[in-house]
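Chemist: task: produce atomic coordinates for the following.
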Amino acid sequence: MVFCSESLAEAFHPARPLPGSVYRDGKDFDTALVHEALDQSPSFGIVTIDGAEASLGTANFGPSPGRTSVAVTAVAHLRAHIKSRTRRGGQSAPRFGRTRDAEEMEFLQEVVERVQAQLGGVEHFILGGKADMKRKLLKELPPELQRRVLGVLDLNCGADRDSLRLAATKAQNLVDAPGQREASAAVAEFLEQVKLGGACYGPEQTLRALRLGAVQTLLVASSVEGSWSCALADALQVAEAQGVRCFTISADSQDSVRFCSAFGIGGLLRWDPAPEVLEEESDVEVAEEVPGGGDATPSTQAETDSEIGSTAPPEVAEALQWLTAQLTPLQGEADAEALREVAAVLLGDGLEPTLEVLRTEGVPEEVLQGFEALCCGIHVDGA
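Modeler: The predicted structure follows:
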């Protein structure tokens, strides 16, 4: 950028690329473009990954909503050394599979270490790539970095340096989306308050808390907007009348996946009603559906969780009871019960997702191993 007059000639190199070229003639120097470039929003970390390579970078988006200007800076590029899924022979299929899995995990850990070292200071992350490696990377990130992930994007290209710009362009909708950061913060707070008793969840319990005026923030999973239709419509109507903040949550980060799969609908409480008030039988029948599909009889979320435990196979019911007994002296009765209820819901999606959630909640590995063994029908000492 060049500023020139009869008495002055000055060249200025902005810290970030400008969106275009401008020629202006006037009595005063117009430095608006310079200020705009310097006032761009903070950097977001961009990580793209597939089975062959990974790229790390930062992206700075313009301050105006809907703005298409984005400055991308490549930070690092890593190559993977993972064998092809096609085996030519010479070793057994199980051994080949174990070797490939080990190489894949080694590459994921290498990417995680590089992210921590070079992008640890950014406020938010976007993960992108083709196939499933980006979701595997999300699981390997430490909890504090997982909470900073705004979204996981599907890309139809490799994970070279050019993919960073494509990911940044697609991510601009996430960055510019009204309330996106507030929604992420609300989900994180909700998951914390569930353990402390400062949140309600399930259609009946949430609706009852709304009618009492006890809900400060209402969270609704996007996957259940077509389910629990009557209860959801009532909840939104009451929330609107009371001026309650409402967020629609999409399953695009670790915390939001946990909320959508385990709770579906819930609220942060401004004050704590007596538990017996929230658990009273409703005088309005609520026909509800489970977020993942299938019907559920009208009940509170806690009752639904209990039903899952009582109708589950004997080994699963025993495993849930054992888990509660193990966690009570470690985390207290309330937290142990809350984790048992979450585990009961998540087991419908499989054992591995359940173990991952419990692990992020600080459940010791020896407890997880015992719980896994009991779910698989293997006897554990003390059970």
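Chemist: and the residue nearest the centre of this structure?
Modeler: residue 253 (1.8 Å; Cα atoms, centre = their mean).
Chemist: contact partners for the closest residue to that residue other than its chain neighbours?
Modeler: Leaving out its chain neighbours, the residue that sits closest to residue 253 by Cβ to Cβ, 6 or more residues apart in numbering is residue 149, at 4.7 Å. All C-beta atoms are positioned from the backbone trio N, CA, C, and that covers glycine. Contact analysis of residue 149 by Cβ atoms under 8 Å, 6 or more residues apart in numbering lists 124, 125, 126, 127, 138, 141, 253, 254.
Chemist: looking at the residues you listed, which is nearest residue 111?
Modeler: Closest approach between these and residue 111, by Cβ to Cβ: residue 141, at 9.3 Å.
Chemist: the closest residue to the closest one other than its chain neighbours and residue 140, how far apart?
Modeler: Nearest non-adjacent residue to residue 141, counting by Cβ to Cβ, 6+ apart: residue 112, 6.0 Å away. Per Cβ to Cβ, to the nearest Å, residue 112 is found 5 Å from residue 140.
Chemist: quick check: residue 325 is in a helix.
Modeler: Yes. If the criterion is DSSP: H, G, I helix; E, B strand; the rest coil, then residue 325 is within a helix.
Chemist: can you check the pLDDT for it?
Modeler: We have a pLDDT of 87 for residue 325.
Chemist: got any ranges where the stretch 251-383 of the chain has weak pLDDT?
Modeler: The stretch 251-383 of the chain contains residues with pLDDT under 70 at 274-315, 349, 377-383.
Chemist: can you give me the helices in it?
Modeler: Assigned by DSSP state H, counting those that start in this stretch, the helices in the stretch 251-383 of the chain fall at 254-262, 275-278, 301-311, 314-331, 333-346, 351-360, 365-375.
Chemist: next, the angle from the fifth one to helix 254-262.
Modeler: Angle between the axes of helix 333-346 and helix 254-262 is 70 degrees (criterion: axes from the mean of the first three to the mean of the last three Cα atoms, to 10 degrees).
Chemist: can you report phi and psi for residue 130?
Modeler: phi -100, psi 170 (degrees, to the nearest 10).
Chemist: actually residue 272, not the one I typed
Modeler: Dihedral pair for residue 272: phi -100, psi 100, per degrees, to the nearest 10.
Chemist: test my guess that it contacts residue 197.
Modeler: Yes. Using Cβ atoms under 8 Å, residue 272 makes contact with residue 197 at a distance of 6.4 Å.
Chemist: in contact with residue 95, which residues?
Modeler: Residue 95 neighbours (Cβ under 8 Å, 6+ apart): none.
Chemist: start at 526 instead
Modeler: Happy to do that; since the first residue is 526 now, the last one works out to residue 620.
Chemist: which SSE is it in?
Modeler: In the assignment (DSSP states H and E), residue 620 maps to helix 618-644.
Chemist: following element in sequence after that helix, please.
Modeler: By DSSP H and E, the next helix or strand past helix 618-644 is strand 650-654.
Chemist: same question for that following strand, mean pLDDT?
Modeler: Rounded mean pLDDT across strand 650-654 is 90.
Chemist: buried ones in that strand?
Modeler: 650, 651, 652, 653, 654 (16 or more other Cβ atoms under 10 Å).
Chemist: neighbouring strands for it, and are they parallel or not?
Modeler: Strand 650-654 has the following sheet partners, assigned by DSSP bridges: strand 569-574 (parallel), strand 674-679 (parallel).
Chemist: so can I have JSON lines of those showing mean pLDDT?
Modeler: JSON lines is the format used below for those (pLDDT from 0 to 100):
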{"stretch": "strand 569-574", "mean pLDDT": "92"}
{"stretch": "strand 674-679", "mean pLDDT": "83"}
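Chemist: point out the most buried one among these.
Modeler: Comparing the strands paired with strand 650-654 by mean neighbour count (mean count of other Cβ atoms under 10 Å), strand 569-574 ranks first with a mean of 28.
Chemist: go ahead and name everything in contact with it.
Modeler: With Cβ under 8 Å, 6+ apart, strand 569-574 has contacts from 579-586, 597, 636, 640, 644, 647-654, 658-659, 662, 673, 675, 680, 684, 688-689, 692-693, 696, 700.
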